[in-house]
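Student: Coordinates for the following, if possible.
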Amino acid sequence: MLVDAHCHLQDPRLAADLEGVLARARAAGVGAFVVCGTREADWGAVLDLARTRAGVIPFAGLHPWHVAEASPGWEPALVAAFHAGAGAGEAGLDFSEGRPDRDLQEAVLAAQVRLAAAHGLPLALHAVKAADRLAAVLRRVGLGRAGGYVHAFSGAPEVARTYLDLGLHLSFGGAITRPGATRAQAALAFVPRDRYLLETDAPDLAPAGVTGPNEPAHLALIAAAAGRIRGEDAGARAADNARTLLGRWLA
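Tutor: Next up is the predicted model:
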């Protein structure tokens, strides 16, 4: 069984044909889906998916794109989502041009790192042009014992080393299928065999050759590419690693 370590089944681009999306995924061997909420407005939808669809693992967090729209009561609402069964994330930092204020992003991330640790939950992290600051926040606040992972990792092996030293797993997606993505491929080859996950980030970041919205079914393409890079059954290895990190949801 393959485990999609990061996707967004609540996204309207997938929700309109959700049964078809799930059927195609299961036919491709994908049996579990970490579905990450990114804003208060979709945490309920993610929890509903987990209650009504087999294999859905709910996560809830404030994505850095949405920190400025959070309500004054977002922290108690997030804790309520944790109590309802969600893991922590998608949280993180995105210092691309036009994104929300960086100090606000860091403050919201720090709060989510604290909450995840306090509730013993693994943390799904997003980092774009902010690897050093993400590492600094984790060093200052402290990653909880449940650990976490940086999703859609495509950085250099040196950046991978920094995250690994903090205790994080790294999750790889469609980037590794692209012929020119030598940095991401080198990082995947570098990561220890017990510290990597595989994901689609559906409906975004489709593998090479796929047109239209990405789907969890395409995890099979990513697993095949990862297997060629690492010289092992990467889909099975990544699923075992997911069971280590997400044991409370994956028996």
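Student: Give me the distance between Gln105 and Val67.
Tutor: Taking Cβ to Cβ, to the nearest Å as the measure, Gln105 falls 6 Å from Val67. In this view, the C-beta of every residue, glycine as well, is placed from N, C-alpha and C.
Student: shared neighbours of those two, anything?
Tutor: With contacts taken as Cβ atoms under 8 Å, 6 or more residues apart in numbering, not a single residue reaches both Gln105 and Val67.
Student: In which helix or strand does Ala80 reside?
Tutor: In the assignment (DSSP states H and E), Ala80 maps to helix 74-83.
Student: Quick one: list the elements packing against the longest helix along the chain.
Tutor: Taking DSSP state H as the criterion, the chain has its longest helix at helix 102-118. Helix 102-118 sits against helix 74-83, strand 87-94, strand 123-128, helix 131-141, with contacts defined as 3 or more Cβ pairs under 8 Å, 6 or more residues apart in numbering; DSSP states H and E.
Student: SS state for Gly180?
Tutor: Assigned with DSSP: H, G, I helix; E, B strand; the rest coil, Gly180 falls in the coil class.
Student: Near it, how many other residues are there?
Tutor: For Gly180, the count of nearby residues is 9 (other Cβ atoms under 10 Å).
Student: now it: how far from Ala160?
Tutor: 19 Å.
Student: And the helices in the chain?
Tutor: 12-15, 18-27, 40-52, 74-83, 102-118, 131-141, 157-165, 182-190, 219-230, 234-245.
Student: For my notes, please list these in TSV and give mean neighbour count and distance to Thr200 for each entry.
Tutor: TSV is the format used below for those (neighbours: other Cβ atoms under 10 Å; distance: least, Cβ to Cβ, whole Å):
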stretch	mean neighbour count	distance to Thr200
helix 12-15	15	10
helix 18-27	16	9
helix 40-52	17	16
helix 74-83	17	23
helix 102-118	19	23
helix 131-141	17	22
helix 157-165	17	20
helix 182-190	18	15
helix 219-230	21	5
helix 234-245	20	12
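Student: can you tell me which of these the model trusts least?
Tutor: Comparing mean pLDDT across the helices of the chain, the weakest is helix 12-15, with a mean of 92.
Student: follow-up on the earlier one: now the helix holding Ala80: how far from the chain's centre is it?
Tutor: The chain centroid and the centroid of helix 74-83 are separated by 19 Å, computed with Cα atoms, centre = their mean, to the nearest Å.
Student: ok, and what's touching that helix?
Tutor: With Cβ under 8 Å, 6+ apart, helix 74-83 has contacts from 37, 40, 43, 47, 58, 60-62, 71, 88, 111-112, 115, 119, 121.
Student: Just list the residues touching Ser71, thanks.
Tutor: Contact analysis of Ser71 by Cβ under 8 Å, 6+ apart lists 40, 77.
Student: Torsion angles phi and psi at it?
Tutor: Phi and psi for Ser71, reported as degrees, to the nearest 10, are phi -80, psi 160.
Student: And it, how far from Ser154?
Tutor: Distance, Ser71 to Ser154, by Cβ to Cβ: 32 Å.
Student: which one of the helices and strands packed on helix 102-118 lies closest to Ala234?
Tutor: Comparison of those against Ala234 by Cβ to Cβ identifies strand 123-128 as nearest, at 19.9 Å.
Student: if we can go back for a sec, would you reformat the helices of the chain as TSV and include distance to Leu198?
Tutor: Below are the helices of the chain laid out as TSV (distance: least, Cβ to Cβ, whole Å):
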stretch	distance to Leu198
helix 12-15	18
helix 18-27	13
helix 40-52	20
helix 74-83	25
helix 102-118	22
helix 131-141	20
helix 157-165	15
helix 182-190	9
helix 219-230	5
helix 234-245	4
